[in-house]
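[1] Next input, structure requested:
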Amino acid sequence: MVIAWDKQIWAYAAIKLRLPFLLLLILSSAPTAADETTGYVYRGLLLAQYTPGSAYDLNVNSLFSSLSNAAAFSLYSKFTASAATPSPPIEGLYQCRGDLSLRDCSSCVASAVSRLPSLCPAAAAAELQLDSCFLRYGNDSFLGRPDTGLRYKTCSTTGNGGSRGIPVLPRPGLRVRRRHPHLPEARTVPSPSSGQRRGAVRW
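    Numbering: from 1, shown residues only. Alright, predicted model coming up:
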């Protein structure tokens, strides 16, 4: 009886010792709120590049600053930066998901702005889609014009194949980088009923 009782005590002690480690493992592997709102979806960029330190670069940085500041007060905003000359005006916009808080919107836009220099280095025009926000800039006067460029094509040919998609070339001059490099790139444009998604932002 004493031996059996000792075994029970040791088994109980072992379980008690393991619980904190298991809890720590679960917490460390759980996705954070930031991961859920700022996850990378796709990027598109113009192959033309501007010179770092140029007037164009100054206008891009000014635009990014305006977009980042505005995201703390609104889920959508647009700006034009043209103070530095000689440089064409740089237009930009962001849009956050409609159910997002201003705090999460600001965090998502800040993440997009901080990632663009490495994802699209010195690109004259670029766009970045994260899980909860979209940001675009360029000098092609896109503000106020409808954009029906193809952004995403779902894997299903019926449009009911789930949310995973394959980015394709949205419009001439923009190169899209795939989120999942092992997936084949779509090269045909199917009919509107085949699950393709158009437009710069659709929330």
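[2] And the helices in this structure?
    2-29, 33-38, 55-70, 102-119 (DSSP state H).
[3] Which other helices and strands does the last one contact?
    Using 3 or more Cβ pairs under 8 Å, 6 or more residues apart in numbering; DSSP states H and E as the contact criterion, the secondary-structure elements in contact with helix 102-119 are helix 33-38, strand 40-46, helix 55-70, strand 90-96, strand 126-130, strand 133-138. (C-beta placed from N, C-alpha, C; glycine too.)
[4] sorry, back to before: comparing the helices of the chain, which yields the minimum mean pLDDT?
    Mean pLDDT across the helices of the chain is lowest at helix 2-29; the value there is a mean of 49.
[5] measure stretch 86-103 end to end?
    36 Å (Cα to Cα, to the nearest Å).
[6] Tell me the buried residues in that stretch?
    Buried residues in stretch 86-103, counted by 16 or more other Cβ atoms under 10 Å: 87, 90-97, 100.
[7] And stretch 127-144, by the same measure?
    So for stretch 127-144, counting by 16+ other Cβ under 10 Å, buried means 127-130, 132-139, 142.
[8] Determine which two of these are furthest apart.
    Longest distance between any two of the buried residues of stretch 127-144 is 26.5 Å, between Ser132 and Asn139; criterion Cβ to Cβ.
[9] correct me, but Ala112 touches Asp131?
    No. Ala112 lies out of contact with Asp131 (Cβ atoms under 8 Å); the separation is 10.7 Å.
[10] Indicate which one of the helices and strands packed on helix 102-119 is closest to Ser107.
    helix 33-38 (6.6 Å).
[11] Run through the residues that contact Cys96.
    Cys96 is in contact with 71, 75-76, 104-105, 108-109, 132-133, 203, counting by Cβ atoms under 8 Å, 6 or more residues apart in numbering.
[12] same question, Thr37
    Per Cβ under 8 Å, 6+ apart, neighbours of Thr37: 100, 104, 107-108, 130-133.
[13] ok, so of those residues, who is nearest Tyr42?
    Looking across these and measuring by Cβ to Cβ, the closest to Tyr42 is Leu130, at 9.4 Å.
[14] Tell me the predicted confidence for the closest one.
    So Leu130 comes in at 94 (pLDDT).
[15] Also the one 4 residues further on?
    At Phe134, the predicted lDDT confidence score is 94.
[16] who's in contact with Ala83?
    58-59, 62.
[17] And these, which is closest to Leu47?
    Using Cβ to Cβ, the contacts of Ala83 come closest to Leu47 at Asn59, 19.4 Å.
[18] measure that closest one to Glu36 for me?
    33 Å (Cβ to Cβ, to the nearest Å).
[19] Now do the contacts for the nearest residue to Ser111 once chain neighbours are set aside.
    Nearest residue to Ser111 in three dimensions, chain neighbours excluded: Thr38, at 4.2 Å (Cβ to Cβ, 6 or more residues apart in numbering). Listed by Cβ under 8 Å, 6+ apart, the contact set of Thr38 reads 107-108, 111-112, 130-133.
[20] Residues in contact with stretch 104-120: which ones?
    33-34, 37-38, 40, 43, 45, 64, 67-68, 71-72, 75, 94, 96-97, 100, 123, 126, 128, 130-133, 135, 177.
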